[in-house]
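Engineer: What follows is a protein structure lacking sequence information:
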């Protein structure tokens with residue numbers, strides 16, 4: 001029953017043209033939605049990368065500061081006397 005209805009519908013040239021354009025519109029719409037979604041995903045990944053880079057930069061600064069710290073109380077006193085702290 002449905003096959004016969006569809007076969008009759010598909011033989012009409014106007015209906016075939018409408019189906020063709022409908023399929024094209026659907027394909028373009030799905031492509032645009034997919035493109036938008038992948039753009040959002042790329043934006044989130046870029047934001048995550050930026051956050052990670054900031055955290056790594058802060059960590060590196062902390063390690064550099066720790067490398068420059070006075071090793072003992074005597075070194076600290078010497079720095080304070082010399083005005084290098």
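Structural biologist: Cool, the structure landed. Remember, predicted model here, so these are calculated numbers, not experimental data.
Engineer: contacts, neighbours, all on C-alpha from now
Structural biologist: Noted.
Engineer: next one: phi and psi at residue 68?
Structural biologist: phi -90, psi 0 (degrees, to the nearest 10).
Engineer: That one - how many residues pack around it?
Structural biologist: By other Cα atoms under 10 Å, 8 other residues sit near residue 68.
Engineer: Tell me which helix or strand comes right after the helix or strand bottoming out on mean pLDDT in the chain.
Structural biologist: Least confident helix or strand of the chain, by mean pLDDT, DSSP states H and E, is helix 2-11 with a mean of 61. Downstream of helix 2-11, the next assigned helix or strand under DSSP states H and E is helix 13-67.
Engineer: and residue 84, helix, strand or coil?
Structural biologist: Classification of residue 84 by DSSP: H, G, I helix; E, B strand; the rest coil places it in coil.
Engineer: For this structure, which residues score under the pLDDT cut-off?
Structural biologist: 1-10, 85 (pLDDT under 70).
Engineer: Which of the three states applies to residue 76?
Structural biologist: helix.
Engineer: Could I get the contacting residues of it?
Structural biologist: By Cα atoms under 8 Å, 6 or more residues apart in numbering, the contact list for residue 76 reads residue 70.
Engineer: how does it look with 10 Å?
Structural biologist: 69-70, 82, 84-85 (Cα atoms under 10 Å, 6 or more residues apart in numbering).
Engineer: Quickly name whichever of those is closest to residue 54.
Structural biologist: Lowest distance from residue 54 to the contacts of residue 76 (Cα to Cα) belongs to residue 69, with 22.8 Å.
Engineer: Would you list the phi and psi of that closest one?
Structural biologist: The phi/psi pair for residue 69 (degrees, to the nearest 10) reads phi -70, psi 160.
Engineer: measure it to residue 79 for me?
Structural biologist: 10 Å (Cα to Cα, to the nearest Å).
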